[in-house]
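Okay, here's the prediction I keep looking at, along with the sequence it came from:
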Amino acid sequence: MVAGTWGAEETAEKPRWHQAVVEAQRGRAFLWAPVALTFGIWTYFGLRAEPPWFVAITCAAAAVLVIGVWRHLGLAFLLAMALAGFSLAALRTTLVATPLLHATTAEVAITARVNDVSAIGKRRVLIVSPTSIEGMAPEETPRRLRLSASARQGNPRPGDIIAAKARLAPPPGPVMPGGFDFGRQLFFEGIGGTGRITQAMTVTEGHRGFRLWLARFLEDTRGVINARINAVLDGDTAAIAEALIDGERGTISREVNTSFQTSGLAHVLSISGLHMSLIAGGVFWLVRAVLALFPALALRWPIKKLAATSALAAGLFYMLLAGSEVATQRSYIMIAVVFFAVLVDRPALSLRNLALAAMVILFLQPEAAAHASFQMSFLAVLGLAAFFEAWAEWRRRRNDEVYERRSMAARVTRYALAAVGASLATTVVAGFMSSIPAAYHFGRIAPYGLVANGLAIPVVSLVVMPMGLLATLLMPFGLEHWPLWLMGRGLDLTIAISDWVASLPGAQTVVPQQAAPAAMITAFGAVMLTLLKGRARLSGVVVMALGAALGSRSVMPDVLVNRVASNAAFINQAGELVPASGSKDRFAVERWLTANGEEVKPSLAAKRPGWTCAAGRCSATVHGKLVMYLIEETKAPDCAGAAIVIATFPLRGACAEVPVRIDRFDVWRNGAHALRISATDVVVTSSRAAQGSRPWVVVPKPRTTPFKPH
């Protein structure tokens, strides 16, 4: 298959500049394949209704046909990739489909096999495969549940069978229409419900199959490693060391997490491409250096390939030890492609290798295209690969003979300055590229991220991770003390850098949520800037500017109601969000404030003037219309003069004269609501309407068991 041309031969009538632009792009269609795949996947996820099965099959057949007939045309190849992306996403949805819980339950008895155990603070999160749920038919039972439990309720391990009492709930919906859909993420992990264990568990030891045996072995290994770490280090230093060595992040304090997020170093705390490259790259360098000490081996054996094989094995073990989270899997796939290139004598770091790694990820997990971690890592590495490609071309164009005639000191100085400049440039490029999806998904950017990463990454790369690797290798011999001590000193310095940067004025900027099309346009402009060659790259700057201009428009509605009607908020004339309560559903209010570009606590936001509350009701005037929020249920609420009524209870026939009514039944059926108010109309949207009719969207049903208050 040839996917290197963009079209047929250029005609002589075309202008020379146009010919030069098109000619410069020849041979680069393959680099755009992940972008085309992503476009097809986004198209699938953007549909309001699940397409019929024959649509996905037709797209797959069309992709094969296009490649078979027009494979010499690069644009045809990209069209085939977009069609393939749509089909892959539909196929993946079918493969992971699971029954969903449609209603919260009272306390019910469940029996389940434990698949995974992780810690979040003082609580544990269990991923279990239920074998029975009281009052639920087998065909309605989800394949997996995500349950929260305390340590005193039991200590199950992967493979164990638990019997417990729990309160279950459907996967959560977005906190506002168009917001992040955590339920969809759980669906693609095979999880159809969440819950909380309410009593002590009965744990029966046992495991079945190699996968669960491996999970138990890895958990035991993490326990041994964590014990060794805590014997040398303590506090947050030990917690971060655990996170970097075996992926256990549950013991990191909230203060440190906040500091690292504010300074732009949050990526250091999660196993990502940085850690995978340092571990696998460290093993590659170490094995190759050791083998090079033996001339008999170095002259007869391909020690570079042996080192690459060792690095692949080390990266695989590190991925398994760190919990094999989706982001870690993606990091390993990308590093595996790099070392596979070494095995087949190809350049390790190249745009083609990145494209291949991204395609492997998207073929295996199409839903990754919608995740922030994939978008951030792909754009960051794309920017770095494009930077090094451009830098290599620039160096080739230079006449280095002049520099080679200079003195040794001048050459050393030149190379040292080049290394420092390249390090700073890579930090800027990676930070800029990853900030595009970060701003959209999290509404936060770290303006001093360059400073923090410029100071901390050398410490992490030269001290923390190498000492962590050395300590892990020496643990079987009981010689890990000094490497762990040195790792701890490096982590102390990293924490100090993070705290200092986080204390600077304006260290973290919260940006209003962008509309999805604007974020997509900005990201596409960044891709154009990196993948196009020649003067065509400048078009990427124009597209990014267009996306930024569109993204500057506010997408916040005038009034918001959370998914259980326990809180409501409006945007005042100053553009600030004013919740009716600072304590009810703080999670939703925090997300609303972030989406509005505000870094303020819900309790402080609730003190802003706007709501007038008395006798179980609150009222506010928004764009000249009276909004009434009824908190305490009464038989005949007084709604006189209200244009909009929101109630925490079912209104039934009450307030029938009010044009817009949203009560407990409305949010139960349709989730969180958003209202846009104009002088003549009120437009109401709901989360469920924005989600559409998709397999991961919960259609609520009445409870089948008596409800007991939490």
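The structure has been received and is ready for your questions.

tell me the contacts of Lys304?
Neighbouring residues of Lys304 by Cβ atoms under 8 Å, 6 or more residues apart in numbering: 288, 342. From N, CA and C alone the C-beta is placed, and that goes for glycine too.

start the count at 373, not 1, going forward
Taking 373 as the first residue, the last one we looked at is Lys676.

would it count as being in a helix?
Yes - with DSSP: H, G, I helix; E, B strand; the rest coil as the criterion, Lys676 is located in a helix.

Against Leu669, how distant is it?
Distance, Lys676 to Leu669, by Cβ to Cβ, to the nearest Å: 12 Å.

can you check Trp404 too?
Taking Cβ to Cβ, one finds Trp404 at 42 Å from Leu669.

who has more neighbours, those two?
The neighbour comparison of Trp404 against Leu669 (other Cβ atoms under 10 Å) goes to Trp404, with 23 against 13.

looking at it, that one is touching Leu451, isn't it?
No - Trp404 lies out of contact with Leu451 (Cβ atoms under 8 Å); the separation is 11.0 Å.

Tell me the helix or strand right after the host helix or strand of Ile705.
Assigned by DSSP states H and E, Ile705 belongs to helix 698-715. Next helix or strand after helix 698-715 toward the C-terminus (DSSP H and E): helix 723-736.

check contacts around Gly564.
Neighbour list for Gly564: 470-473, 514-517, 543, 558 [criterion: Cβ under 8 Å, 6+ apart].

ok, the residues you listed vs Ala434, which is closest?
Distance to Ala434, by Cβ to Cβ, is smallest for Thr470 among those, at 29.5 Å.

Within the helices and strands, which one has that closest one?
Assigned by DSSP H and E, Thr470 belongs to neither a helix nor a strand.

Mind splitting this protein into its structural domains?
Listed domain ranges for the chain are 388-468, 479-578, 639-721, 888-923, 931-1051 (source: automatic domain parsing).

Buried residues, the helix or strand harbouring Phe458. List them.
Assigned by DSSP H and E, Phe458 belongs to helix 446-468. By neighbour count on 16 or more other Cβ atoms under 10 Å, the buried set for helix 446-468 is 446, 448-462, 464-465, 468.

With stretch 567-580 instead?
Quick answer for stretch 567-580 (16+ other Cβ under 10 Å): 567, 569, 573, 575, 579.

Centre of the chain to that stretch, how far?
30 Å (Cα atoms, centre = their mean, to the nearest Å).

Quick one: buried ones out of the contacts of Gly564?
Using 16+ other Cβ under 10 Å, the buried ones in the contacts of Gly564 are 470, 472-473, 514, 516-517, 543, 558.

now those as JSON lines including distance to Cys1027?
JSON lines is the format used below for the buried ones among the contacts of Gly564 (distance: Cβ to Cβ, whole Å):
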{"residue": "Thr470", "distance to Cys1027": "40"}
{"residue": "Leu472", "distance to Cys1027": "33"}
{"residue": "Leu473", "distance to Cys1027": "32"}
{"residue": "Pro514", "distance to Cys1027": "38"}
{"residue": "Arg516", "distance to Cys1027": "42"}
{"residue": "Leu517", "distance to Cys1027": "39"}
{"residue": "Pro543", "distance to Cys1027": "32"}
{"residue": "Leu558", "distance to Cys1027": "36"}
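
Which neighbouring elements make contact with the helix holding Phe458?
For helix 446-468, the elements it packs on are helix 405-417, helix 425-442, helix 723-736, judged by 3 or more Cβ pairs under 8 Å, 6 or more residues apart in numbering; DSSP states H and E.

The second one: how far from the chain's middle?
Just to be clear, that refers to helix 425-442. Distance of helix 425-442 from its chain centroid, counting by Cα atoms, centre = their mean, is 30 Å.

and if you look at the first one?
A distance of 17 Å separates the C-alpha centroid of helix 405-417 from that of its chain, computed with Cα atoms, centre = their mean.

wait, Ser807 sits on Arg816?
No - counting by Cβ under 8 Å, Ser807 does not reach Arg816; the two are 9.3 Å apart.

Looking at the two, which one has more neighbours?
Each of Ser807 and Arg816 has its neighbours counted (other Cβ under 10 Å); Ser807 has more, 22 against 19.
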